[in-house]
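Q: structure for the following, please:
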Amino acid sequence: MRSYFSASFVTALAFTCVLSACSESKPDAEPKYKPIPEKKTENKGDPDTFDRRVQAVMNEGSQSQEGQAEAPKASKARPPNSGKEPMVLLDTQNRPLGEVVHHKDKMDYYECKGIIAPWFQELLVAEMNYFNELADLPFVRSENCIVTYGTDKSLTPGRIGVQLFETRKEFDKCVRNDFCPIFRTVNFVPVNKSLMRSYFLSNTNSKEIFQHCVTDTGKWHRNSTCYTID
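A: Alright, predicted model coming up:
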């Protein structure tokens with residue numbers, strides 16, 4: 001009998017993991033990454049007010065009155081936040097219900113098609129591109145999508161997530177050759193009977209990381225992982 005993440009787990013908008021979990025290696029003694037810089041804006045007034053406007057865009061999209069002036073291009077995608085299909089199809093062992101297309105000691109990879117519901121994939125891409133735009137990173141495309149599953153040798157066995165890429169070439173370099181100058185992934189974090197999405201983006205050229213968590217109720221926690229949200 002199939003098991004799956006039900007569409008009722010989520011009503012709105014998010015991955016993230018600590019850097020050591022993403023790289024599957026121990027962190028260096030000295031931090032490799034700079035603190036996340038504040039987004040520079042002009043004529044935005046009070047920072048708290050601007051932050052509320054950005055959150056209005058996240059929760060209400062570009063239709064928000066406040067969001068109209070602040071809405072990044074990515075927020076105008078208006079993706080669905082629910083659908084008839086289950087979000088993620090799993091087998092009886094709670095593994096992605098599909099064939100492994102690439103294997104590493106610590107990670108198995110699956111095609112998104114047939115495992116991630118089309119509506120859910122559209123939502124993940126829109127959310128990721130929203131965070132890409134805030135971080136001044138290139139947008140990802142829906143067709144360059146891979147499902148990840150942590151093996152028994154992983155630091156987080158059984159963890160399921162999705163990695164997204166700008167191009168197929170970037171996808172091949174990152175997944176097959178372990179060369180990821182820009183890395184973007186979202187982990188699914190079950191909490192009680194809800195599901196949160198934890199986003200992690202990194203840029204090795206600027207040595208910056210960006211982390212966001214969006215709860216099942218649509219609350220956005222910027223600069224946070226879903227593993228630290230109560």
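Q: ok, Ala135 - contacts?
A: 201, 203, 208, 210 (Cβ atoms under 8 Å, 6 or more residues apart in numbering). Any C-beta I mention is one placed from the backbone N, CA and C, and that applies to glycine too.
Q: out of those residues, list just those in strands.
A: Taking DSSP state E as the definition of strands, the contacts of Ala135 contribute 201, 203, 208, 210.
Q: let me see the confidence value for the last one.
A: So that's Phe210. With respect to pLDDT, Phe210 scores 95.
Q: pretty sure it contacts Leu134?
A: Yes: the pair Phe210 / Leu134 is scored as a contact, 7.4 Å apart, by Cβ atoms under 8 Å.
Q: comparing those two, which residue is more hemmed in?
A: Phe210 (22 against 17; other Cβ atoms under 10 Å).
Q: bridged to that one, which residues?
A: Leu201 (DSSP bridges).
Q: before we move on, the earlier item: between the ones in strands among the contacts of Ala135, which is closest to Thr225?
A: Among the ones in strands among the contacts of Ala135, Phe210 lies closest to Thr225 (Cβ to Cβ), at 11.2 Å.
Q: my read: Glu99 touches Lys113, true?
A: No: using Cβ under 8 Å, Glu99 makes no contact with Lys113, being 11.3 Å away.
Q: which one's more surrounded, these two?
A: Neighbour tally, Glu99 and Lys113, criterion other Cβ under 10 Å: the higher count belongs to Lys113, 13 against 9.
Q: the more buried one: what's it in contact with?
A: By Cβ under 8 Å, 6+ apart, the contact list for Lys113 is empty.
Q: next helix or strand past the longest helix seen in the chain?
A: Longest helix in the chain, counting residues (DSSP state H): helix 118-134. Using DSSP states H and E, the helix or strand that follows helix 118-134 in sequence is strand 145-150.
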